[in-house]
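**Q** Got a predicted model here, sequence first, then my questions.
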Amino acid sequence: MADPTFCTVADVEKYAGANCSATSKAEAYVLVYGVGAESLINSICRFNFSDAYAGLNADVKSLLSQTQAKLIAIDVITYDMSGFTTRTEAEDMINVLRDAVLRNLSILRDKKVQDFINGA
């Protein structure tokens, strides 16, 4: 199984945080979660960024990378919260990541921004 299209395993580990358990951020889990995150992004945006990825500009690739890595990090944290000092700490991490994902998805699915993306 290959790395997620939009981000790397290292990106996910960075967003999941130092307290995330080694088991849940193992590369195998990240790769499995990556497929779902990529499909979710493409479906919500109603645009197949995976197929168009090579031709996208750096700004769009950065948004996609952040969005996918943060979606995967949410799954990684949710899978095993035992490394965090408290459950509240883990949930705070998830909330921060979720807010960034929602912001990025709203930008990526905005038709005016998609015109910019396609024309860039």
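**A** Thanks, I have it.
**Q** May I have the residues that are in contact with residue 37?
**A** When contacts are counted by C-beta atoms under 8 Å, 6 or more residues apart in numbering, residue 37 touches 4, 67, 68, 71, 72, 75. For the C-beta atoms, the positions are set from N, CA and C on the backbone; glycine is no exception.
**Q** ok, the last one - how many residues close by?
**A** Using other C-beta atoms under 10 Å, residue 75 has 19 other residues around it.
**Q** In this structure it contacts residue 33, no?
**A** Yes - using C-beta atoms under 8 Å, residue 75 is in contact with residue 33, at 4.3 Å.
**Q** before we move on, the earlier item: ranking the contacts of residue 37 by neighbours, who comes first?
**A** Neighbour max across the contacts of residue 37 (other C-beta under 10 Å) = residue 72, 31 neighbours.
**Q** and the gap between it and residue 37?
**A** 5 Å (C-beta to C-beta, to the nearest Å).
**Q** which two of the contacts of residue 37 lie the greatest distance from each other?
**A** Using C-beta to C-beta, the two most remote members of those are 67 and 75, lying 13.2 Å apart.
**Q** what bits of the chain have low per-residue confidence?
**A** Low-confidence segments of the chain (pLDDT under 70): 1-3, 114-120.
**Q** any idea where the helices of it begin and end?
**A** 9-16, 27-45, 49-52, 58-79, 87-109, 111-119 (DSSP state H).
**Q** Buried residues in the second one, which are they?
**A** To tie it back to what came earlier, the one meant is helix 27-45. Across helix 27-45, burial judged by 16 or more other C-beta atoms under 10 Å covers 29, 30, 31, 33, 34, 37, 38, 41, 42, 45.
**Q** That one vs helix 9-16, what angle?
**A** 80 degrees (axes from the mean of the first three to the mean of the last three C-alpha atoms, to 10 degrees).
**Q** The chain should start at 40 in everything you say after this.
**A** Noted, 40 is the first residue going forward, which turns the last one into helix 66-84.
**Q** Figure out how far helix 66-84 is from the centre of its chain.
**A** 8 Å (C-alpha atoms, centre = their mean, to the nearest Å).
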